[in-house]
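Enquirer: model this:
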Amino acid sequence: MDHQPHDKLEGPTWRLVEVTDGEWAGWSKWDPVDDFEVYVGPFYCRRDERGVVCGFMPETKNRNGGGNIHGGALMTFADYALFIIAGGMEETMHGVTLSMNCDFIGAAEPGRLLTARGEVTRKGGTVVFVRGMIEDEGRAVLGFSGTIRRFR
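Expert: All right, here's what the predicted structure looks like:
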């Protein structure tokens, strides 16, 4: 297997494009799509009066054995939100997650809109630190923080 140093990986040119129809009209999504995020999500983002917000409408496929949304689906949404928050929807954040910490605070149910908001706590040349919260109509579901290694 041929291994390349991470800072030399080449990938697609990711950008956010606005959705123009359907229930997510006015939100944005990745183009090209991230197949795994589409399978788990899909996930969206937009700006509102409070800043950047990410959205996820979990479905039956996202449930765990107890009927609530699986922690892995919530963590995937949190990882998506790390990158959106880090870039502020203004820049393409090409990089990898170095670390992510999650605190499960409450259960989430299928068919209820989950939102994620957060802030950049520090941004250096190649490393960005982010923290945030996933909520269900103002009720905390998952707190997260992470570090992203940006590629130039």
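Enquirer: rest of the way, CA atoms for contacts and neighbours
Expert: Fine.
Enquirer: quick check: longest strand in this protein by residues?
Expert: The longest strand of the chain (DSSP state E) is strand 139-150.
Enquirer: listing partners with orientation, what would you give for it?
Expert: Strand 139-150 has the following sheet partners, assigned by DSSP bridges: strand 95-104 (antiparallel), strand 127-136 (antiparallel).
Enquirer: so which of those strands comes closest to residue 152?
Expert: strand 95-104 (8.4 Å; Cα to Cα).
Enquirer: average pLDDT for the closest one?
Expert: Averaging pLDDT along strand 95-104 yields 95.
Enquirer: then the helix ranked longest in the chain to CSV, C-alphas only?
Expert: Longest helix in the chain, counting residues (DSSP state H): helix 71-87. Output of helix 71-87 as CSV, limited to C-alpha atoms (Å, rounded to 0.1, in the frame of the first residue of the first chain):
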residue,chain,number,x,y,z
GLY,A,71,-24.3,7.9,19.3
GLY,A,72,-22.3,7.3,16.2
ALA,A,73,-24.8,9.3,14.1
LEU,A,74,-24.6,12.2,16.6
MET,A,75,-20.7,12.1,16.6
THR,A,76,-20.7,12.1,12.7
PHE,A,77,-22.9,15.2,12.8
ALA,A,78,-20.6,16.7,15.4
ASP,A,79,-17.6,16.1,13.2
TYR,A,80,-19.3,17.7,10.2
ALA,A,81,-20.2,20.7,12.5
LEU,A,82,-16.5,21.0,13.5
PHE,A,83,-15.5,21.8,9.9
ILE,A,84,-18.4,24.1,9.2
ILE,A,85,-17.8,26.1,12.4
ALA,A,86,-14.1,26.2,11.9
GLY,A,87,-14.5,27.6,8.4
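Enquirer: got the contact list for residue 125?
Expert: residue 150 (Cα atoms under 8 Å, 6 or more residues apart in numbering).
Enquirer: shouldn't it be within a helix?
Expert: No - counting by DSSP: H, G, I helix; E, B strand; the rest coil, residue 125 is not part of a helix but coil.
Enquirer: okay, which residue is most central for this structure?
Expert: Centroid-nearest residue in the chain, with Cα atoms, centre = their mean: residue 80, separated by 1.8 Å.
Enquirer: quick check: the gap between it and residue 66.
Expert: From residue 80 over to residue 66 the distance is 25 Å, taken as Cα to Cα, to the nearest Å.
Enquirer: thanks a lot, catch you later.
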